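In: can you look at this prediction? I've put the sequence above it.
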Amino acid sequence: MAASRPPPSPPLPWILLDPFVHNYDFDIDPTAKGWEIVDCTRKEFCGAGKYGHLMADCLNLYMRLAENPLDHSELAVSADDEVVTNIMEGETTEQLPEDESSFPRLRQAHLDAIKLQPSRVTGYVQMADENLLVLSLSFPFTQMFRTMGCTTGDTIKIISISFDNYVPDAEKTVTEWMLDMATRRWIKVEEFSLETLWKLEDFEKYGLPFTGPLYPLLRKGEEESLYFILTNDLDDHAEHHMCRLDMRSMSLESTCLSWHPCLFTPWQMVGSEVITYLRSERVVPYHGKGKGKLDKD
């Protein structure tokens with residue numbers, strides 16, 4: 001006679017977790033209820049450089065549990081402004097060495113030149129286990145003034161934009177560096193001042209604001225091109241312009257981004273070749289409202 005099996009253990013409580021981790025200070029409605037701070041017994045970091053332990057320690061994690069288990073629960077994160085500011089100061093106080101072949105660094109800067117909340121950290125849930133939560137986090141200041149990319153073949157470039165508050169705005173520079181694959185050293189390729197940019201005929205043609213470029217972007221296949229955003233803060237709204245600059249001919253193209261006028265702070269744009277796939281699948285208008293759908297017939 002077969003022995004009776006013991007009753008199965010009840011399943012552990014679980015939640016449906018939204019993978020997007022918003023910023024608690026800036027993105028969560030202050031009147032929203034149900035948010036609680038999570039007491040993390042240990043915080044570890046990976047890939048955050050020498051300041052990783054400071055970044056991890058200055059973070060607070062929040063959770064809002066849904067009342068219905070079939071509804072989604074949420075996480076949010078915040079960072080200490082003072083700690084992040086100190087990290088930025090430490091990162092930018094190293095002077096560019098006389099040997100220009102060494103790795104390019106941002107020059108000494110006053111952070112009041114940055115018109116963006118430095119601690120607006122956001123993230124994404126990579127894994128959520130019983131007692132382990134793995135998040136990938138992003139701080140905006142790491143992308144505002146520098147970018148690295150591969151343009152053609154094995155050509156690797158860095159673009160750095162200076163934001164030294166000791167220097168007049170017109171004298172701040174945009175610098176292009178290229179990695180010499182034979183020597184593994186960085187070579188300065190191009191450098192121009194903001195005054196040079198502002199005096200371009202195309203700059204006046206498009207009526208662009210006399211502000212510093214933000215969020216530089218390189219595109220594969222365009223050896224000479226640099227993309228960036230210029231922002232014009234007006235009294236009651238803001239205008240953001242996406243620009244494409246040929247760094248050899250110094251010709252410029254621009255368009256006003258169709259962001260909401262109440263969005264005063266620009267964000268990083270992502271270059272993608274997904275349109276090639278979409279066009280190959282024949283994107284067609286959807287109900288005449290400007291949307292698109294894939295026509296696979």
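Out: Cool, the structure landed.
In: where along the stretch 1-150 of the chain do the strands fall?
Out: Here the stretch 1-150 of the chain has its strands, by DSSP state E, counting those that start in this stretch, at 16-17, 20-23, 35-38, 59-64, 72-79, 122-128, 133-138, 146-150.
In: point out the most buried one among these.
Out: strand 72-79 (a mean of 20; mean count of other C-beta atoms under 10 Å). (C-beta placed from N, C-alpha, C; glycine too.)
In: packing partners for the helix or strand encompassing residue 202?
Out: Take DSSP states H and E as the rule and residue 202 turns out to sit in helix 201-205. Packing partners of helix 201-205 (3 or more C-beta pairs under 8 Å, 6 or more residues apart in numbering; DSSP states H and E): strand 252-256.
In: any stretches of the chain with poor pLDDT?
Out: Low-confidence segments of the chain, defined by pLDDT under 70: 1-4, 9-12, 46-50, 88-119, 140-142, 164-165, 234-235, 260-297.
In: specify the local secondary structure of residue 188.
Out: strand (DSSP: H, G, I helix; E, B strand; the rest coil).
In: coming back round to it: how about residues contacting the helix holding residue 202?
Out: Applying C-beta atoms under 8 Å, 6 or more residues apart in numbering, the set of residues contacting helix 201-205 from outside is 197, 251, 252, 253, 254.
In: and the next helix or strand past it?
Out: strand 214-217.
In: quick one: strands adjacent to that next one?
Out: When sheet partners are counted by DSSP bridges, strand 214-217 sits next to strand 225-233 (antiparallel).
In: please report how far residue 199 lies from residue 163.
Out: 20 Å (C-beta to C-beta, to the nearest Å).
In: all strands of the stretch 151-297 of the chain, in order?
Out: For the stretch 151-297 of the chain, strands defined by DSSP E, counting those that start in this stretch occupy the ranges 156-161, 173-180, 185-193, 214-217, 225-233, 238-246, 252-256, 283-286, 291-294.
In: need the ones you listed in TSV with mean neighbour count and distance to residue 42, can you?
Out: Output for these, formatted as TSV (neighbours: other C-beta atoms under 10 Å; distance: least, C-beta to C-beta, whole Å):
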stretch	mean neighbour count	distance to residue 42
strand 156-161	20	35
strand 173-180	18	37
strand 185-193	15	37
strand 214-217	22	34
strand 225-233	19	38
strand 238-246	18	40
strand 252-256	15	47
strand 283-286	12	48
strand 291-294	12	46
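In: which one of these lies closest to residue 32?
Out: strand 238-246 (25.9 Å; C-beta to C-beta).
In: mind listing what residue 170 touches?
Out: 193, 194, 195, 198.
In: cool, residue 77 as well?
Out: Residue 77 neighbours (C-beta under 8 Å, 6+ apart): 21-24, 59-62, 121-123, 135, 137.
In: ok, the spatially closest residue to residue 241 that is not a sequence neighbour to residue 189 distance?
Out: Leaving aside its chain neighbours, residue 241 sits nearest to residue 230 (4.6 Å; criterion: C-beta to C-beta, 6 or more residues apart in numbering). Look at residue 230 and residue 189: by C-beta to C-beta, they are 22 Å apart.
In: again, but for residue 249
Out: In terms of C-beta to C-beta, residue 249 sits 15 Å off from residue 189.
In: cool, residue 83 as well?
Out: Distance from residue 83 to residue 189, counting by C-beta to C-beta: 35 Å.
In: returning to that earlier point: quick one: the strands of the stretch 1-150 of the chain as CSV, columns for distance to residue 175 too.
Out: Formatted as CSV, the strands of the stretch 1-150 of the chain follow (distance: least, C-beta to C-beta, whole Å):
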stretch, distance to residue 175
strand 16-17, 42
strand 20-23, 31
strand 35-38, 42
strand 59-64, 32
strand 72-79, 29
strand 122-128, 28
strand 133-138, 24
strand 146-150, 10
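In: which one of the ones you listed lies closest to residue 7?
Out: Nearest of these (C-beta to C-beta): strand 16-17, 26.4 Å.
In: who are the packing partners of that closest one?
Out: strand 72-79.
In: the strand it packs on pairs with which strands, parallel or anti?
Out: strand 16-17 (parallel), strand 20-23 (parallel), strand 59-64 (antiparallel).
In: show me what the longest one is in contact with.
Out: In other words, strand 59-64. Contacts for strand 59-64 (C-beta under 8 Å, 6+ apart): 24, 28, 32, 34-38, 40, 43, 73-79, 121, 133, 137.
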